[in-house]
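Asker: coords please:
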Amino acid sequence: MSAINYATAFSPKVAESFFKESLTDSATGKDYSFSGAKTVRVFTVDTVPLNNYSRTGANRYGEPVELGDTVQELVMGDDKSFAMTIDKGNQADQMNIKGAARAMKRETEQVVVPYIDKYRFDKWARGAGIVKGLSGAPTKANIVELIFDAGAEMDNRLVPAAGRTLFLPNTYYKLLALSDQFIGVDRLGEKALSKGVVGEVDGMTVKRVPDSYFPADVYFMVKWKGSTVDPVKLQDAKIHKDPPGLSGNLLEGRIYHDAFVIGAKADGIYVAAAASAVTAAPTVTVANNKAAIASATGGAVVRYTLDGSDPRYSDSAKVYSAAVDVHAGDRVRAYACTESGYASAVTDKTV
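Answerer: Prediction:
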């Protein structure tokens, strides 16, 4: 049972904890709707390579190739709740400092919002399309260069420049803020500051994040807004006055939400992490119409596809256990991941 602290006539106030507004809401994706459904299947239509046009023959545009697609199934999974009571006797003895409405607001600001932010950061990091393993933590001397490297890598993968947010834990924000290349906050205005924006670098909006919000071994993250879908399907809060069995108030709340990285847009998330936490990419060896896949990281699970789809997100991906049959023209793609680490790059080999 939680301790009940009775108030004296000289202490009518509650010392409230500090809280932060959501740091992730402005960067969430809302391109897909989960209304009326727990599962959404996202179809990504493939492309075909260009051919040399022939001025003679039957198939002058090239041999027709059936247009395929990749299916990614997104299943809502995080369903959290809370419940608390405020007994009328305790309320009276504490000079009404535990008002139900204030208690509900306090729970939302200090517990629910931070939880959702931490959840999203973790899901985004573990589903990122670009994970860069760094041999050491960023320093004041190289942090700007590392951030520009992230932007260049995303540019090379054709990620739109508009809509990128750089999330920096406080430890590394300090290093960036001391750099001459950093653009200050003056021109962004107070409204932006209240949402965690502290400046701009390489065209990216910069948000500083409490160190405790970030996943382990992640130094910073760049996210393009449209790379994820982050549904909040149910956000419910109720205050019951004098319910059966209680003289006082019963407060209940529920948040049903999730966060998903869209496979076709996964390169819109760049994660800089400790090299020791990034799983080594698997090797693919083909001999006698068999493909053997191996990971250099102990305990890593390897998933693969043979249809050319990205095994990190495709419904056709399978867990590797033994050499698989392959045929000429098959495209073997595989990646590895550990339970606590971050996914490897995808190894791609055409038979």
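
Asker: from here on, contacts and neighbour counts on C-alpha atoms
Answerer: Fine.

Asker: Any stretches of the stretch 51-200 of the chain with poor pLDDT?
Answerer: 92-98, 181-196 (pLDDT under 70).

Asker: Tell me how many other residues surround the nearest residue to residue 296 once chain neighbours are set aside.
Answerer: Closest residue to residue 296 apart from its sequence neighbours, by CA to CA, 6 or more residues apart in numbering: residue 280 at 6.0 Å. By other CA atoms under 10 Å, 23 other residues sit near residue 280.

Asker: any idea how far the closest residue to residue 327 other than its chain neighbours is from residue 172?
Answerer: Distances taken as CA to CA, 6+ apart place residue 289 nearest to residue 327, at 6.0 Å, with adjacent residues excluded. Using CA to CA, to the nearest Å, residue 289 is found at 49 Å from residue 172.

Asker: tell me the SS of residue 59?
Answerer: coil (DSSP: H, G, I helix; E, B strand; the rest coil).

Asker: same check, this time on residue 298
Answerer: Under three-state DSSP, residue 298 falls in the coil class.

Asker: Against residue 346, how distant is it?
Answerer: Relative to residue 346, residue 298 is positioned 17 Å away (CA to CA).

Asker: Between these two, which is the more surrounded one?
Answerer: Relative neighbour count places residue 346 above the other of residue 298 and residue 346, with 21 against 10, counting by other CA under 10 Å.

Asker: check contacts around the more buried one.
Answerer: When contacts are counted by CA atoms under 8 Å, 6 or more residues apart in numbering, residue 346 touches 281-282, 310-311, 333-335.

Asker: Ok, residue 143 next?
Answerer: 172, 175-176.

Asker: what's in contact with the helix or strand encompassing residue 44?
Answerer: Element membership of residue 44, judged by DSSP states H and E, is strand 39-45. Here strand 39-45 makes contact (CA under 8 Å, 6+ apart) with 33-34, 67-76, 264.

Asker: What about the contacts of residue 346, which one has the most neighbours?
Answerer: Highest neighbour count within the contacts of residue 346, by other CA under 10 Å: residue 334, with 32 neighbours.

Asker: Among the contacts of strand 39-45, the buried ones, what's the PyMOL command?
Answerer: Buried residues within the contacts of strand 39-45, by 16 or more other CA atoms under 10 Å, are selected in PyMOL with:
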select buried, resi 34+70+71+72+74+76+264
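
Asker: hey, where'd the helices end up in this protein?
Answerer: 88-93, 100-107, 113-126, 143-156, 170-177, 189-193 (DSSP state H).

Asker: Check the residue nearest to residue 296 and give its pLDDT.
Answerer: We note a pLDDT of 91 for residue 280 in this prediction.

Asker: Let me know whether it touches residue 344 as I believe.
Answerer: Yes - with contacts counted by CA atoms under 8 Å, residue 280 reaches residue 344, the gap being 5.5 Å.

Asker: Now for these two: what residues contact both?
Answerer: Taking CA under 8 Å, 6+ apart as the criterion, residue 280 and residue 344 both touch residue 336.

Asker: Enumerate every residue touching residue 340.
Answerer: Contacts for residue 340 (CA under 8 Å, 6+ apart) come out as residue 277.

Asker: how much space is there between it and residue 299?
Answerer: 10 Å.

Asker: do residue 284 as well
Answerer: From residue 284 to residue 299 the distance is 17 Å (CA to CA).

Asker: Which one of these two is surrounded by more residues?
Answerer: Higher neighbour count among residue 284 and residue 299: residue 284, with 18 against 11, using other CA under 10 Å.

Asker: Retrieve the pLDDT associated with the more buried one.
Answerer: Note on residue 284: pLDDT of 94.

Asker: who's in contact with it?
Answerer: 291-294, 332, 334, 347, 349.

Asker: hmm, back to that, so which of residue 289 and residue 172 has more stuff around it?
Answerer: residue 172 (20 against 13).

Asker: isn't the more buried one right up against residue 219?
Answerer: Yes - assessed by CA under 8 Å, residue 172 is found in contact with residue 219 at 7.4 Å.

Asker: what sits against the residue nearest the centre of the chain?
Answerer: Centroid check for the chain by CA atoms, centre = their mean gives residue 124 as the closest residue, at 1.5 Å. By CA under 8 Å, 6+ apart, residue 124 lies in contact with 228, 259-261, 269.
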